[in-house]
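>>> Provided below for reference: sequence and predicted model.
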Amino acid sequence: MKKRFLFVFTVLVLGLFCSGCEGDVTRAIRHDGFNVGGDFICDAFIGEAATESVYFFTGNHFITTNGRIYELSIGKTFANNANCKPADTSIQVLAIFDNRIVKAVDGRYYSLVNQNNGSGAYQEITDNDNSYAIYDLLLKPDDTIKVGTVDASNGVYYVLKNDGNVYDVTIRKDKTNSTPSILGQTVVYSQDDYGGPIIDFNYNGNSGATFVRTQTKAYHLNAINYAECSRYADVACDYRMMESASFAEYGDYILAYNGAMIITTYGKTFTVAS
């Protein structure tokens, strides 16, 4: 009887302790500029039976550390009563472009979502696609992990490479049918400035959705004079990369992050405040 009482007491104490931790994490994330959203149910990634880890979170997909693709439905569950399900494809992802094109282990390129040119999700992108040459130029190198478009009209892209740095890459295309080439590249986000090799990033102009992430830290763009620049027409916002306190202290509780949204390991979503 005494042993049973001790067991029940221990479970209750641990439950209260964990609930307290979750409350601390929630408050920290809100303090970082995020609003609390709904619940997220996904046994493959959350809970004792979880078998997968998130590498990239596009908003509509998780791409796991071993390249598997999961489809997501935030706010409404699928027929499996979960907010995630394995994608109906055997594609194993190596690199990603603008969260919509992926390079697979077979060296080919595939749509992650439905494309404007009529290509459906998970269909191969061939050289008939008008942008194929750009995808091939930036995704083909073995050291490319992620590509983000900054200014397509001027051929400016950010590229995360496996050396842990993000490069500002400018490409040149002189004529409509000419093959693009790299005009130059410089480091735009250096691992030396962010405490270690960069594993993910997003560029979304002057907004909180622009971020850089390492294994242990995350930095997002923030207007340090927001109170003034949001109030006065003649005060420009001063944007700087700021370290996220919630990641530094509670990184183990953050399952996925894409700049605009956080999903925690206890199944709660948060969206960045506008």
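Sure thing, it's come through.
>>> point out where the stretch 101-250 of the chain drops to low pLDDT.
Applying pLDDT under 70 to the stretch 101-250 of the chain picks out residues 115-119, 175-177.
>>> all strands of it, in order?
Along the stretch 101-250 of the chain, the stretches classed as strands by DSSP state E, counting those that start in this stretch are 101-104, 109-111, 124-125, 144-151, 156-161, 166-172, 181-189, 198-202, 211-214, 218-223, 239-243.
>>> would you list the strands that the last one pairs with, along with their directions?
According to DSSP bridges, strand 239-243 has the following sheet partners: strand 218-223 (antiparallel).
>>> give the buried residues for stretch 216-234.
Within stretch 216-234, the residues that qualify as buried by neighbour count (16 or more other CB atoms under 10 Å) are 217-223, 225, 229. To be clear about C-beta, it is placed using only N, CA and C from the backbone, and glycine gets the same treatment.
>>> and the residue lying closest to residue 69 once chain neighbours are set aside, what does it touch?
Excluding the flanking residues, the one nearest residue 69 by CB to CB, 6 or more residues apart in numbering is residue 87, at 4.0 Å. The contact partners of residue 87, by CB atoms under 8 Å, 6 or more residues apart in numbering, come to 61, 68-71, 121-122.
>>> how much space between residue 87 and residue 64?
11 Å (CB to CB, to the nearest Å).
>>> next one: residue 75
22 Å.
>>> who has more neighbours, these two?
For residue 75 versus residue 64, the count of surrounding residues by other CB atoms under 10 Å is larger for residue 64: 19 against 10.
>>> residues in contact with that one?
Contacts of residue 64 (CB under 8 Å, 6+ apart): 52-55, 70.
>>> and these, which of them are buried?
52, 54-55, 70.
>>> what about the helices in the stretch 1-150 of the chain?
Taking DSSP state H, counting those that start in this stretch as the test, the helices found in the stretch 1-150 of the chain are 2-31, 132-139.
>>> related to what we said a few turns ago, same list as before, the buried residues of stretch 216-234 that is, but in CSV and with distance to residue 82 included.
Shown next, in CSV, are the buried residues of stretch 216-234 (distance: CB to CB, whole Å):
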residue, distance to residue 82
217, 30
218, 26
219, 31
220, 28
221, 33
222, 34
223, 37
225, 42
229, 41
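>>> tell me which of those residues is nearest to residue 94?
Set against residue 94, the nearest of the buried residues of stretch 216-234 by CB to CB is residue 218 (23.3 Å).
>>> how near is that closest one to residue 88?
32 Å.
>>> pretty sure residue 134 contacts residue 169?
No - proximity of residue 134 to residue 169 does not meet the contact threshold set by CB atoms under 8 Å, at 10.7 Å.
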